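A.B. asks: got a predicted model here, sequence first, then my questions.
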Amino acid sequence: MIPVRSFDVETSTRSQMVDITARVRTAMKQSGARHGVCVVYVPHTTAGITVNESADPAVAADILEHLEKLVPRGRYRHREGNADAHIKASLMGFSLALMLEEGELSLGTWQGIFLCEFDGPRRRRVWVKVIPDD
Ligand code: ZN
């Protein structure tokens, strides 16, 4: 059994996509596993996680801008006043299942892993669990 590893991410604005690929890769390699599945989980309700293009930062900016149009801040039932952040986080999702092959994280050429902040700035936590094949 390989224990869950975690790391913290400091966000600096209300909505932000932070590239955490290198940190996930480090946590995954610390497991020592060669082959398996790597589950990455965000234990929050107003931050999510996704995979998308990391080569051009304009892609993350476009995603955030479009989410803002799709789910504007405004009047909702939730009294805390951050219902838009809860909705955006659910649209992104809270976990990823990634593949570990020959000790390396398998991602597409242009792909990166992003923590998606929607109610920052805050300190967020990311859990990484490696489930080895053997
Ligand atoms: Zn809330």
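C.D. replies: Ah, there it is. None of these values were measured; they are calculated from a predicted model.
A.B. asks: ok so K29 is a helix residue?
C.D. replies: Yes. According to DSSP: H, G, I helix; E, B strand; the rest coil, K29 belongs to a helix.
A.B. asks: center of this structure - which residue?
C.D. replies: I49 (2.5 Å; CA atoms, centre = their mean).
A.B. asks: per-residue confidence for that residue?
C.D. replies: Per-residue pLDDT puts I49 at 98.
A.B. asks: so it sits right up against V40, yeah?
C.D. replies: Yes. I49 lies in contact with V40 (CB atoms under 8 Å); the separation is 6.2 Å. Yep, even glycine has a C-beta here, placed from its N, CA and C like the rest.
A.B. asks: and the residue in the chain positioned nearest to the ion, how many neighbours?
C.D. replies: Closest approach between the chain and the ion, counting by CB to the ion: E80, at 3.5 Å. Number of residues near E80 (other CB atoms under 10 Å) recorded here: 10.
A.B. asks: ok, L67 next?
C.D. replies: 19.
A.B. asks: spatially nearest residue to it, not counting backbone neighbours?
C.D. replies: K88 (5.1 Å; CB to CB, 6 or more residues apart in numbering).
A.B. asks: was I right about the one you found contacting H66?
C.D. replies: No. Taking contacts as CB under 8 Å, K88 lies outside contact range of H66: 10.4 Å.
A.B. asks: of those two, who's got more company?
C.D. replies: K88 (23 against 10).
A.B. asks: phi, psi for the more buried one please.
C.D. replies: Note on K88: backbone dihedrals following degrees, to the nearest 10 are phi -60, psi -40.
A.B. asks: what about the nearest residue to R124 once chain neighbours are set aside, distance to H78?
C.D. replies: Nearest non-adjacent residue to R124, counting by CB to CB, 6+ apart: V9, 4.7 Å away. With distances taken as CB to CB, to the nearest Å, V9 is found 24 Å from H78.
A.B. asks: out of those two, which sits in the busier spot?
C.D. replies: Legend: neighbour count by other CB under 10 Å for V9 and H78, higher for V9 (18 against 12).
A.B. asks: thank you, goodbye.
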